[in-house]
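Turn this into a model:
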Amino acid sequence: MVTMLKPKLQTLPDRVKTVAGGTSWRGAKTTNERGYTYRWQQARKLFLRQNPLCRYCERDGRLAAASIVDHIKPHRGDLGLFWDQSNWQPLCKACHDSVKAREERRSEGG
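Sure thing, here's the model as predicted:
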């Protein structure tokens, strides 16, 4: 089965190969090893209490509860950037998974 998939993997876009090949900054790290610890969960909870509305929805004249603390500039393992609250924004899941994901793909040239 693996030998059958190998030729197909070679035709996938580079961004998919990067993740599949394990060369992403995430690698084989657990969420805890990537910084999403108990300390993060507590900081996230406080930030969402203080910033309850999705920034993208607000910008577009809608109201939606934020459920995700997004890193405006992807931290890619840089703990300084990870913990820099000026790099955080509250987003709803729909905006995080669609609008933000498109922005990141565009900025990576994808």
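
from here on, contacts and neighbour counts on C-alpha atoms
Will do.

how about the strands in this protein?
Ranges of strands in the chain, per DSSP state E, are 68-71, 88-91.

low-confidence ranges in this structure?
Applying pLDDT under 70 to the chain flags residues 1-26, 109-110.

top helix in it by residue count?
helix 38-50 (DSSP state H).

who does it touch, helix- and strand-wise?
Applying 3 or more Cα pairs under 8 Å, 6 or more residues apart in numbering; DSSP states H and E, one finds that helix 38-50 makes contact with strand 68-71.

neighbouring strands for the strand it packs on, and are they parallel or not?
strand 88-91 (antiparallel) (DSSP bridges).

show me what contacts residue 48?
By Cα atoms under 8 Å, 6 or more residues apart in numbering, the contact list for residue 48 reads 66-69, 90.

Kindly indicate which of those residues lies nearest residue 108.
Of all the contacts of residue 48, residue 69 has the smallest distance to residue 108: 20.9 Å, by Cα to Cα.

beta partners for that closest one?
residue 90.

Is there a neighbour count for it? I'd like the number.
Using other Cα atoms under 10 Å, residue 69 has 22 neighbouring residues.

Equivalent analysis for residue 96, please.
Neighbour tally, residue 96, other Cα under 10 Å: 20.

Distance-wise, check it relative to residue 78.
20 Å (Cα to Cα, to the nearest Å).

Check residue 107 too.
Residue 107 is 18 Å from residue 78, by Cα to Cα.

what's the answer for residue 61, then?
Residue 61 is 33 Å from residue 78, by Cα to Cα.
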